[in-house]
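Peer 1: Based on what follows, work out the 3D shape:
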Amino acid sequence: MPTFQRGHTTIAYTDTGAPAGREDAPVVLFAHGLLFSGWMFQHQIAALRDRYRCVTIDFRGQGDSPRAMGGYDMDTLTVDVAELLRHLQIPVVNYVGLSMGGFVGMRLAARNPETVHTLTLLDTAATAEEPANRGRYKTLAKVYRVAGIKMLRSRVAPIMLAERNLEAPWVDEWLARLERVDRTGMVKAIEAVADRDPCEVEAGRIIAPTLVMVGAEDAATPPEKARRIIELIPSARLHEIPGAGHSATMEAPEEVNALLVPFLEEHNR
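Peer 2: Sure, this is the predicted structure:
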């Protein structure tokens with residue numbers, strides 16, 4: 001996987017390149033949720049790569065990005081995304097972010113409106129983490145640091161997935177990928193998500209056309225969090241996805257694609 005350097009930090013990404021014969025194709029940037037990587041958008045990339053240049057980023061300490069000395073907060077990750085785009089000489093993107101990727105996407109769209117042509121937010125929130133969840137996630141992080149993810153499967157999976165998807169075929173691969181990640185870096189990422197600042201004021205400044213999707217059974221950022229985003233972003237439209245939890249791109253890829261593809265087509269003609 002290719003990487004780029006931002007100071008002393010190494011950040012991994014993927015890039016399909018422009019489709020054959022379409023060197024000026026629009027770019028879709030995918031930003032993953034906590035405990036995942038760009039891998040969680042494989043079904044969306046498969047559906048889009050013949051018409052779009054598709055780029056993913058692995059945030060610090062996750063996926064193929066090694067742990068960093070610091071900078072796991074959402075503000076720093078927002079700059080990481082901007083620096084990746086600068087590295088790839090991409091001036092404008094259609095941004096697709098899930099959960100943690102959404103926290104970053106709202107900041108990027110508010111602070112760099114010229115960069116974000118459209119914004120798609122999945123299973124995310126503009127609010128800070130609920131206090132009860134903050135303590136719960138930090139406790140799980142401490143156990144994870146010592147025991148790894150396999151020992152926590154029964155506690156973590158219900159946060160990330162709808163009940164019907166707990167034993168889906170791809171879940172074992174997800175956990176195997178997670179097991180290979182440096183635990184110290186992942187713990188820092190978990191703590192940064194738990195301690196994140198709200199971005200409600202900034203969300204109100206977003207001007208990009210915005211599509212919001214949320215799993216109807218999302219336990220981590222439930223549908224009321226998505227409805228709050230709709231109140232904040234004037235251009236936003238909301239869709240609930242039945243049978244999906246907090247990882248909609250993997251749990252319900254066809255349903256996500258059925259919403260994402262026409263949204264992108266509408267704004268990239």
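
Peer 1: make it CA atoms for all contacts and neighbour counts henceforth
Peer 2: OK.

Peer 1: Kindly tell me how buried residue 146 is, as a neighbour count.
Peer 2: 11 (other CA atoms under 10 Å).

Peer 1: biggest helix in this structure, by residue count?
Peer 2: Assignment by DSSP state H gives helix 131-147 as the longest helix of the chain.

Peer 1: packing partners for that one?
Peer 2: In this structure, helix 131-147 packs against helix 183-194, with contacts taken as 3 or more CA pairs under 8 Å, 6 or more residues apart in numbering; DSSP states H and E.

Peer 1: mind redoing it with 10 Å?
Peer 2: helix 153-160, helix 183-194 (3 or more CA pairs under 10 Å, 6 or more residues apart in numbering; DSSP states H and E).

Peer 1: Okay, strands next: where are they in the stretch 51-200 of the chain?
Peer 2: Here the stretch 51-200 of the chain has its strands, by DSSP state E, counting those that start in this stretch, at 53-57, 93-98, 116-122.

Peer 1: Using TSV, please lay out those together with mean pLDDT and distance to residue 151.
Peer 2: Listed next are those as TSV, based on pLDDT from 0 to 100; distance: least, CA to CA, whole Å:
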stretch	mean pLDDT	distance to residue 151
strand 53-57	98	28
strand 93-98	98	25
strand 116-122	98	28
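
Peer 1: In CSV, list these along with distance to residue 110 and mean neighbour count.
Peer 2: Below are those laid out as CSV (distance: least, CA to CA, whole Å; neighbours: other CA atoms under 10 Å):
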stretch, distance to residue 110, mean neighbour count
strand 53-57, 19, 25
strand 93-98, 12, 25
strand 116-122, 9, 25
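
Peer 1: Minimum distance to residue 214: which of those strands has it?
Peer 2: strand 116-122 (5.5 Å; CA to CA).

Peer 1: what's that closest one packed up against?
Peer 2: strand 27-31, strand 93-98, helix 100-111, strand 210-215, helix 223-232, strand 236-241, helix 253-267.

Peer 1: Those: which one's closest to residue 168?
Peer 2: helix 253-267 (12.9 Å).

Peer 1: what mean pLDDT would you report for the closest one?
Peer 2: Mean pLDDT, computed over helix 253-267, is 98.

Peer 1: hmm, who's touching that helix?
Peer 2: 26, 28, 40-48, 51-52, 94, 96, 117-120, 122, 209-215, 239-242, 244, 247-250, 268 (CA atoms under 10 Å, 6 or more residues apart in numbering).

Peer 1: which among the residues you listed end up buried?
Peer 2: 26, 28, 40-41, 43-45, 47-48, 51-52, 94, 96, 117-120, 122, 209-215, 239-241, 244, 247-250 (16 or more other CA atoms under 10 Å).

Peer 1: hang on, the earlier thing: dump the helices and strands packed on strand 116-122 into TSV; add distance to residue 21 as well.
Peer 2: Shown next, in TSV, are the helices and strands packed on strand 116-122 (distance: least, CA to CA, whole Å):
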stretch	distance to residue 21
strand 27-31	15
strand 93-98	19
helix 100-111	29
strand 210-215	29
helix 223-232	37
strand 236-241	33
helix 253-267	18
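
Peer 1: ranking those by burial, who's on top?
Peer 2: Compared across these, strand 27-31 shows the largest average neighbour count, a mean of 27 (mean count of other CA atoms under 10 Å).

Peer 1: And it, what does it pack against?
Peer 2: Going by 3+ CA pairs under 10 Å, 6+ apart, strand 27-31 lies up against strand 9-15, helix 42-48, strand 53-57, helix 74-87, strand 93-98, helix 100-111, strand 116-122.

Peer 1: Give me the mean pLDDT for the longest helix of the chain.
Peer 2: Mean predicted lDDT for helix 131-147 stands at 92.

Peer 1: Run the chain-centre distance for that helix.
Peer 2: 20 Å (CA atoms, centre = their mean, to the nearest Å).

Peer 1: how about the CA coordinates for it, as CSV?
Peer 2: Output of helix 131-147 as CSV, limited to C-alpha atoms (Å, rounded to 0.1, in the frame of the first residue of the first chain):
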residue,chain,number,x,y,z
PRO,A,131,-20.4,10.6,28.8
ALA,A,132,-21.5,7.0,29.5
ASN,A,133,-20.1,5.8,26.2
ARG,A,134,-16.8,7.7,26.8
GLY,A,135,-16.0,5.7,29.9
ARG,A,136,-17.2,2.5,28.4
TYR,A,137,-15.0,2.8,25.3
LYS,A,138,-11.9,3.8,27.4
THR,A,139,-12.4,0.7,29.6
LEU,A,140,-12.7,-1.5,26.5
ALA,A,141,-9.6,0.1,25.1
LYS,A,142,-7.6,-0.8,28.3
VAL,A,143,-8.7,-4.4,28.0
TYR,A,144,-8.0,-4.5,24.3
ARG,A,145,-4.4,-3.2,24.9
VAL,A,146,-3.7,-6.2,27.0
ALA,A,147,-5.9,-9.0,25.6
